[in-house]
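Trainee: Here is my input; please provide its structure:
(one chain, ligands or ions: 1)
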Amino acid sequence: MALLDIKNLTLYIDTGNTTVKALEKVNLTLNEGEIRALVGESGSGKSLMVRCIIGAIPDYWSIKADRITFDGQDLLNMSYEQRRQIMRREIAVVFQEPTSSLDPSVTIGEQLEESIPDEFIEKGWFWQKNRQRRQIAIGLIHKVGIKNHDQYLSSYPHEIPKDVSQKIMIAMALASEPKILIADDSTRGMESTTKTQILRLLVKLNKTKNLAILFVSHDLLAITSIAQSMTVLYCGQTVESGKVKSLLKRPLHPYTKALLDSAPSFQLSLPTKSPLVALDGTIPTLQHLPAGCRLGPRCPNARKECVQVPVPRAIQEHTYSCHFPLHFPDKLAKKSPRHTRGLTADENINE
Ligand SMILES: Nc1ncnc2c1ncn2[C@@H]1O[C@H](COP(=O)(O)OP(=O)(O)OP(=O)(O)O)[C@@H](O)[C@H]1O
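Mentor: Next up, the predicted model:
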């Protein structure tokens, strides 16, 4: 059973004049101990997905889904208090901008100690409890690779470098010993040495703590260096999902192919100075969403059938949503070839 299982999630947002489907029938699974990347260009809906998972959406937005479960528990229909408990203990998030997530008026040590759940502190006098909190905080800070804890625990957020802030955010996220860590574009804008350190830390936590990680990013190089599987989003729709190796070797959706083709690191055979391939146009805004497959207006393979939303199909562990997938002769693609299968309404798209 998947630790996090999202099936056909649709998010409705009121844009003033009308209500739009900002996410449409999105599927995502995250298994225990897995690192899965959620990838897509800016505006594809990655952060909205994170907000739906953690329940941070305003009352005037609405969600419909066949299921959203964490460890078998139905996140959609549980009480506010139960959901809060899960968010407090089981699912932790590290956001993109560490400095804006930390309180500028409180020292790092105090903030770190505050993030340790009361249940982890043994009964005793208040000074004993304070000492325990400090010891746990020091342990956490060592766990994320910061050795000189004295220097940082007494500092304020503006006094420490950005990479250390990001590690502190990860330490705070680990304080409750969660089962899932969501890293929402947490390496964006970092220079490469710092980025490598954070990526190494995530892999280490995944290996040593069996921590499942949802790595949200559009940095394909970072994704391929740490994730085992990936889900590709375009404009609020899941276009393809599967093992990273399989998607890199044989992308079936034209968007995934375009995404890979646009990254220089994956174009080693390209002669020097030749232009990189990119799709024409830009991702549409929520007010101008095309009908059917939302890649339609930009897709080199689009035909009239693409005004209908494609049904997700699977070849072994690789799923895709496209009427005319790559590597399939046209006739076969249209007729749902024998070696692919449509996914039934209840079926888990498990990689
Ligand atoms: N609070 C909001 N109100 C209305 N529309 C929103 C809101 N937040 C995001 N959107 C819209 O939803 C779409 C998806 O946005 P989202 O931030 O999830 O993209 P993203 O993939 O995370 O992009 P980035 O990589 O730049 O963070 C965009 O068209 C965006 O304009």
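Trainee: Residue 28 pairs with what?
Mentor: Beta-bridge partners for residue 28, by DSSP bridges, are residue 6.
Trainee: Show the end-to-end separation of stretch 302-317, please.
Mentor: 25 Å (Cα to Cα, to the nearest Å).
Trainee: tell me which residues of that stretch are tucked away?
Mentor: For stretch 302-317, the neighbour count (16 or more other Cβ atoms under 10 Å) marks 302, 306, 310, 312, 313, 314, 315 as buried. Heads up, the C-betas are built off the backbone N, CA and C, glycines and all.
Trainee: Format those as a markdown table; extra columns: distance to the ligand, pLDDT and secondary structure.
Mentor: Formatted as a markdown table, the buried residues of stretch 302-317 follow (distance: Cβ to the nearest ligand atom, whole Å; pLDDT from 0 to 100; DSSP: H, G, I helix; E, B strand; the rest coil):
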| residue | distance to the ligand | pLDDT | secondary structure |
| --- | --- | --- | --- |
| 302 | 21 | 88 | coil |
| 306 | 20 | 93 | helix |
| 310 | 20 | 93 | coil |
| 312 | 20 | 93 | coil |
| 313 | 24 | 92 | strand |
| 314 | 24 | 91 | strand |
| 315 | 26 | 88 | strand |
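Trainee: Just put these in a markdown table and tack on distance to residue 139.
Mentor: Compiled in a markdown table, those are given as follows (distance: Cβ to Cβ, whole Å):
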| residue | distance to residue 139 |
| --- | --- |
| 302 | 55 |
| 306 | 54 |
| 310 | 49 |
| 312 | 44 |
| 313 | 47 |
| 314 | 43 |
| 315 | 45 |
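Trainee: Of those, which is the nearest to residue 257?
Mentor: Nearest to residue 257 among the buried residues of stretch 302-317 is residue 302, at 13.9 Å by Cβ to Cβ.
Trainee: wait, doesn't that closest one sit right on residue 296?
Mentor: Yes. Assessed by Cβ atoms under 8 Å, residue 302 is found in contact with residue 296 at 4.8 Å.
Trainee: Name the residues contacting each of the two.
Mentor: Common neighbours of residue 302 and residue 296 are not found (criterion: Cβ atoms under 8 Å, 6 or more residues apart in numbering).
Trainee: For residue 21, pull up the helix or strand it's in.
Mentor: For residue 21, the host element (DSSP states H and E) is strand 19-30.
Trainee: got the CA coordinates for stretch 107-116 in PDB?
Mentor: What follows is stretch 107-116, C-alpha atoms only, in PDB (Å, rounded to 0.1, in the frame of the first residue of the first chain):
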ATOM      1  CA  THR A 107      16.900  32.500  17.800                       C
ATOM      2  CA  ILE A 108      17.400  29.400  15.700                       C
ATOM      3  CA  GLY A 109      17.900  27.300  18.900                       C
ATOM      4  CA  GLU A 110      14.500  28.400  20.300                       C
ATOM      5  CA  GLN A 111      12.700  27.700  17.000                       C
ATOM      6  CA  LEU A 112      14.300  24.300  16.700                       C
ATOM      7  CA  GLU A 113      13.400  23.400  20.300                       C
ATOM      8  CA  GLU A 114       9.800  24.600  19.700                       C
ATOM      9  CA  SER A 115       9.400  22.200  16.800                       C
ATOM     10  CA  ILE A 116      10.100  19.200  19.000                       C
END
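Trainee: hmm, back to that, please identify the buried residues of the strand holding residue 21?
Mentor: Counting neighbours by 16+ other Cβ under 10 Å, strand 19-30 gives 20, 21, 22, 23, 24, 25, 26, 27, 28, 29, 30 as buried.
Trainee: And stretch 117-127, by the same measure?
Mentor: residue 121.
Trainee: Any idea how far apart the tips of it sit?
Mentor: 17 Å.
Trainee: Mind pulling up the pLDDT for residue 347?
Mentor: The model reports residue 347 with a pLDDT of 49.
Trainee: Same question for residue 145.
Mentor: pLDDT, residue 145: 86.
Trainee: ok, for it, nearest residue in space, not its chain neighbours?
Mentor: Leaving aside its sequence neighbours, residue 145 sits nearest to residue 201 (Cβ to Cβ, 6 or more residues apart in numbering; 5.9 Å).
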